[in-house]
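>>> Quick one, fold the following:
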Amino acid sequence: MPANRKQRLQESLRAELSEVLRREMRDPRFTEGLLSITDVEVSADYKHATVYVSVLGDQQARKDSLNALRGASGVLRGELGRRKTFNTVPELHFKYDESLERGAHMFEVLERIKREDAAREARPLAEPEAE
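Have a look, this model is predicted:
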């Protein structure tokens with residue numbers, strides 16, 4: 001199968017899941033900590049899809065949201081199947097996407113290094129010691 005078909009399927013799944021979660025699901029665990037679908041990876045046989053989610057909130061909100069998604073996996077697949085967008089809907093596996101946190105951490109580290117370099121440049125050079 002062409003790679004672009006797989007990419008289209010992944011993007012369609014991401015968009016449709018986001019829509020279903022936003023409009024159809026009434027579980028408060030989905031709205032507690034702002035939940036978003038960041039990426040979807042479909043297996044080579046199109047039978048499984050790993051759905052990466054980001055949750056804005058504390059550790060408990062993240063855990064609650066992932067548990068709710070895993071519990072609602074069958075309902076979500078059913079809703080996706082009813083939308084006539086997909087011939088078959090892959091089994092959904094949810095994982096927390098840590099890339100946003102890693103990116104924010106890297107940004108903080110780079111900013112700290114930048115501040116330290118600026119402070120180092122602002123200090124006058126030490127005079128050579130007289131012997």
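>>> looking at the protein, which helix or strand is least sure?
Using mean pLDDT, DSSP states H and E, helix 29-32 stands out as the lowest-scoring helix or strand of the chain, at a mean of 62.
>>> Let me know the next secondary structure element after it.
Counting by DSSP states H and E, the next helix or strand C-terminal to helix 29-32 is strand 35-42.
>>> partners of whichever helix or strand comes after that following strand in the sheet?
Once the chain leaves strand 35-42, the next helix or strand it forms, by DSSP H and E, is strand 48-55. Strand pairing for strand 48-55, determined by DSSP bridges: strand 35-42 (antiparallel), strand 91-96 (parallel).
>>> residues making contact with the first one?
Taking contacts as CB atoms under 8 Å, 6 or more residues apart in numbering, the residues outside strand 35-42 that touch it are 6, 9-11, 13-14, 17-18, 21, 48-56, 65, 90, 97, 99-100. For glycine as for every other residue, the C-beta is placed from the backbone atoms N, C-alpha and C.
>>> Quick one: buried ones out of the residues you listed?
Buried subset of the contacts of strand 35-42 (neighbour count, 16 or more other CB atoms under 10 Å): 9-10, 13-14, 17-18, 21, 49-55, 65, 90, 97.
>>> Helices along this structure, start to end?
Using DSSP state H, the helices assigned to the chain run over residues 3-23, 29-32, 59-71, 73-82, 99-122.
>>> quick one: the last one to strand 35-42, angle?
Between helix 99-122 and strand 35-42, the angle comes out at 110 degrees (axes from the mean of the first three to the mean of the last three CA atoms, to 10 degrees).
>>> can you dump the C-alpha coordinates of helix 99-122 into CSV?
Listed next in CSV are the C-alpha coordinates belonging to helix 99-122 (Å, rounded to 0.1, in the frame of the first residue of the first chain):
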residue,chain,number,x,y,z
SER,A,99,7.1,15.5,23.2
LEU,A,100,5.5,18.8,24.3
GLU,A,101,6.9,18.5,27.8
ARG,A,102,10.3,17.5,26.4
GLY,A,103,10.2,20.5,24.0
ALA,A,104,9.3,22.9,26.8
HIS,A,105,12.1,21.4,29.0
MET,A,106,14.6,21.9,26.1
PHE,A,107,13.5,25.4,25.6
GLU,A,108,14.0,26.2,29.3
VAL,A,109,17.5,24.6,29.2
LEU,A,110,18.4,26.7,26.1
GLU,A,111,17.1,29.9,27.7
ARG,A,112,19.1,29.2,30.9
ILE,A,113,22.3,28.6,28.9
LYS,A,114,21.6,31.8,27.0
ARG,A,115,21.3,33.8,30.2
GLU,A,116,24.4,32.2,31.7
ASP,A,117,26.4,33.1,28.5
ALA,A,118,25.1,36.7,28.6
ALA,A,119,26.1,37.0,32.3
ARG,A,120,29.5,35.5,31.5
GLU,A,121,30.1,38.0,28.7
ALA,A,122,29.0,40.9,30.9
